[in-house]
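Peer 1: how would this look folded up:
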Amino acid sequence: MEHRASAVATDPRRLVARTDAVLADPRLADAALRLGRDLVKSVVADAQQRVRSGEIEPGAVADAAVAALPDTSARLRPVVNATGVLLHTNLGRAPLSPAAMAALAAASGTTDVELDLATGQRSRRGRSALAALKAAVPAAEAAHVVNNGAAALVLAATALAAGKEIIVSRGEMVEIGDGFRIPDLLVSTGARLREVGTTNRTTRADYAAAVGPGTGFILKVHPSNFRITGFTRGADVGELRGLGAPVVADIGSGLLRAEPVLPDEPHAHGWLKAGADVVTASGDKLLGGPQCGLVLGRADLVRTLARHPLARALRVDKLTLAALEATLRGPRTPTHEALHAAPGVLRERAGRLADGLRADGIDARAVDCEAAVGGGGAPGVTLPSAAVSLPEAYAEALRGGRHAVLGRVEGGRCLLDLRTVPPEADTALTDAVRAATTTATPTTAATSAAASGTRAR
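Peer 2: Numbers count the residues shown, from 1 in each chain. Below is the predicted model:
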């Protein structure tokens with residue numbers, strides 16, 4: 001009997017604090033107000049289970065739960081992008097500017113998104129954002145915004161070519177990611193595709209021969225995620241003007257004006273000036289704004305798209321309109337800053353961060369590397385960059401840390417490319433590396449000064 005009582009007293013399951021007692025902790029009570037009681041209870045339950053499995057002491061339940069609380073009730077986690085891909089689709093592409101984030105907060109309540117405060121009457125939805133977009137592209141007579149780039153093209157096909165033909169070069173029948181293909185999107189609208197030319201060569205004459213009474217429009221697609229080289233020929237937008245059908249051009253990348261760093265990347269202003277009647281693009285790529293689809297061009301055609309019934313299903317909310325306007329009117333975006341980062345400054349940062357980590361016994365080296373635009377922009381273009389190089393095992397440890405960091409594995413090392421890490425995140429980055437050192441495999445731990453003292457280039 002005495003032995004049984006002793007076993008009960010030492011059974012970890014008998015020592016776990018009751019849930020209501022743990023939730024009474026002021027820190028968790030406050031968290032329940034911010035994050036929701038159900039979410040906090042689930043975190044407490046995880047901590048209680050850790051007691052039962054012997055991972056933590058019974059008296060540490062509340063502390064463990066507080067340490068595991070997320071910053072928000074949303075399951076999306078912030079991630080430091082150290083991949084060197086400026087517009088990483090899996091990370092949500094363009095990070096928003098502080099101005100855009102402030103606009104999101106301001107627009108989260110009730111706003112005048114569709115109201116004229118001077119008259120008290122209904123007004124055009126998002127008129128201020130549309131005015132900012134039109135001002136950013138002087139060659140556009142009008143502008144419209146939908147929920148993503150593919151939606152912009154689908155709306156154009158539905159409004160201008162349902163039951164008609166869309167003339168497109170075979171070399172521009174592209175897949176835009178996640179298995180979605182331009183031909184499938186266009187055919188789903190009720191339009192028919194008329195392919196012209198060949199995979200590697202299409203001329204103005206090919207388009208001209210295909211134009212007829214059943215033509216809805218000529219489509220020009222920028223192959224933004226691949227490049228064909230060698231014996232190639234493609235008709236420029238300017239060559240397609242005057243063939244008797246509207247020219248709809250999809251630039252994809254979201255570049256509104258010429259960008260010196262990417263001289264070969266098409267931009268909306270340039271293609272409209274060259275002869276396109278309508279240009280479609282994505283707002284969350286090189287523009288550096290929220291996810292949305294941009295429609296720019298001739299006033300009559302843009303009006304036709306905006307008044308089509310499908311436009312109602314594709315419209316954006318007040319948060320997107322606010323973030324888009326702030327992106328257009330505000331300071332330079334994080335995407336712009338990353339694109340224009342000076343290689344010398346990146347090398348200096350990498351050296352300083354690597355030196356600090358080596359002082360803690362971590363095998364960290366500063367290395368030169370190459371970054372990329374990504375997100376369907378500037379295919380084949382590389383940007384000189386610099387990175388902190390760590391043992392490969394850090395890649396997994398950093399992804400699983402409390403403050404997640406995504407690098408890339410190259411040559412058996414984990415590279416943290418600083419072109420995509422804003423300078424103000426340097427401290428958080430090195431803190432994450434130090435934290436990961438305690439959870440990664442032994443190969444990531446301290447190495448000799450001889451092994452880590454030479455800076456690789």
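Peer 1: quick check: mean pLDDT of the helix or strand harbouring A311?
Peer 2: Counting by DSSP states H and E, the element that carries A311 is helix 309-314. Across helix 309-314, pLDDT averages out at 96.
Peer 1: just checking, what packs against that helix?
Peer 2: strand 142-146, helix 149-161 (3 or more Cβ pairs under 8 Å, 6 or more residues apart in numbering; DSSP states H and E). C-betas here are computed from N, CA, C, even on glycine.
Peer 1: export only the CA atoms of stretch 159-174, formatted as CSV.
Peer 2: This file holds the C-alpha atoms of stretch 159-174, laid out as CSV (Å, rounded to 0.1, in the frame of the first residue of the first chain):
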residue,chain,number,x,y,z
ALA,A,159,-14.5,41.1,-71.6
LEU,A,160,-12.8,41.5,-75.0
ALA,A,161,-12.6,38.0,-76.5
ALA,A,162,-15.3,35.6,-75.2
GLY,A,163,-16.5,33.7,-78.2
LYS,A,164,-13.7,35.2,-80.3
GLU,A,165,-10.0,34.4,-81.0
ILE,A,166,-7.0,35.5,-79.1
ILE,A,167,-3.9,35.5,-81.3
VAL,A,168,-0.7,34.5,-79.4
SER,A,169,2.7,33.3,-80.4
ARG,A,170,3.5,29.7,-79.7
GLY,A,171,6.7,30.8,-77.9
GLU,A,172,4.6,32.7,-75.4
MET,A,173,2.2,29.9,-74.3
VAL,A,174,3.8,29.8,-70.9
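Peer 1: what residue is smack in the middle of the protein?
Peer 2: R93 (1.2 Å; Cα atoms, centre = their mean).
Peer 1: dump the helix holding A311 to PDB, restricted to CA.
Peer 2: C-alpha atoms of helix 309-314 as PDB (Å, rounded to 0.1, in the frame of the first residue of the first chain):
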ATOM      1  CA  PRO A 309     -19.900  41.500 -64.500                       C
ATOM      2  CA  LEU A 310     -16.700  39.400 -63.800                       C
ATOM      3  CA  ALA A 311     -15.000  42.500 -62.500                       C
ATOM      4  CA  ARG A 312     -17.200  42.400 -59.400                       C
ATOM      5  CA  ALA A 313     -16.000  38.900 -58.500                       C
ATOM      6  CA  LEU A 314     -12.400  39.900 -59.000                       C
END
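Peer 1: thinking again about what came up before, which among the helices and strands packed on helix 309-314 is found nearest to H340?
Peer 2: Between H340 and the helices and strands packed on helix 309-314, the tightest spacing by Cβ to Cβ is seen for helix 149-161, at 23.6 Å.
Peer 1: and the helices in the stretch 151-300 of the chain?
Peer 2: 182-187, 204-210, 268-274, 299-307 (DSSP state H, counting those that start in this stretch).
Peer 1: enumerate every residue touching A258.
Peer 2: H267, H269, G270 (Cβ atoms under 8 Å, 6 or more residues apart in numbering).
Peer 1: cutoff 6 Å now
Peer 2: H267 (Cβ atoms under 6 Å, 6 or more residues apart in numbering).
Peer 1: do the same with the one 4 residues further on
Peer 2: L262 sits next to A378 when contact means Cβ under 6 Å, 6+ apart.
Peer 1: angles on the backbone of it, please.
Peer 2: phi -130, psi 70 (degrees, to the nearest 10).
Peer 1: and it, how far is that from V345?
Peer 2: From L262 across to V345, the span is 20 Å (Cβ to Cβ, to the nearest Å).
Peer 1: equivalent analysis for L324, please.
Peer 2: Distance from L324 to V345, by Cβ to Cβ: 30 Å.
Peer 1: and these two? Which one has more around it.
Peer 2: L324 (28 against 12; other Cβ atoms under 10 Å).
Peer 1: just to revisit the earlier point, for the helix holding A311, give me every contacting residue.
Peer 2: V146, N147, A151, L155, T158.
Peer 1: which of those residues sit farthest apart?
Peer 2: N147 and T158 (14.4 Å).
Peer 1: neighbour-wise, which of these two wins?
Peer 2: For N147 versus T158, neighbours defined as other Cβ under 10 Å are more numerous around T158 (21 against 18).
Peer 1: for that one, what are its contacts?
Peer 2: So T158 contacts T189, L310 (Cβ under 6 Å, 6+ apart).
Peer 1: mean neighbour count and distance to S282 added to the helices of the stretch 151-300 of the chain, as TSV?
Peer 2: Listed next are these as TSV, based on neighbours: other Cβ atoms under 10 Å; distance: least, Cβ to Cβ, whole Å:
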stretch	mean neighbour count	distance to S282
helix 182-187	17	14
helix 204-210	17	25
helix 268-274	21	11
helix 299-307	17	16
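Peer 1: could you export stretch 63-79 as CSV, CA atoms only?
Peer 2: Presented in CSV, the C-alpha positions along stretch 63-79 are these (Å, rounded to 0.1, in the frame of the first residue of the first chain):
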residue,chain,number,x,y,z
ASP,A,63,6.7,29.6,-18.3
ALA,A,64,6.9,27.0,-21.1
ALA,A,65,3.5,28.1,-22.3
VAL,A,66,4.4,31.8,-22.3
ALA,A,67,7.6,31.0,-24.2
ALA,A,68,5.6,29.1,-26.9
LEU,A,69,3.0,31.7,-27.4
PRO,A,70,2.8,33.0,-31.0
ASP,A,71,3.0,36.7,-31.8
THR,A,72,-0.5,36.7,-33.3
SER,A,73,-3.5,34.3,-33.5
ALA,A,74,-2.8,33.7,-37.2
ARG,A,75,-0.9,30.6,-38.1
LEU,A,76,1.2,32.4,-40.7
ARG,A,77,4.7,32.9,-39.2
PRO,A,78,7.1,35.7,-40.1
VAL,A,79,10.2,34.5,-41.9
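Peer 1: surely L130 touches A142?
Peer 2: No: L130 lies out of contact with A142 (Cβ atoms under 6 Å); the separation is 8.2 Å.
Peer 1: ok, V316 touching G293?
Peer 2: No: between V316 and G293 there is no contact under Cβ under 6 Å: 8.5 Å.
Peer 1: more neighbours: these two, which one.
Peer 2: G293 (26 against 22).
Peer 1: list the contacts of the closest residue to the more buried one other than its chain neighbours.
Peer 2: Computed as Cβ to Cβ, 6 or more residues apart in numbering, the closest residue to G293 that is not its neighbour in sequence is A152, at 3.3 Å. Contacts for A152 (Cβ under 6 Å, 6+ apart) come out as V146, T280, G293, V295.
Peer 1: cool, thanks, signing off.
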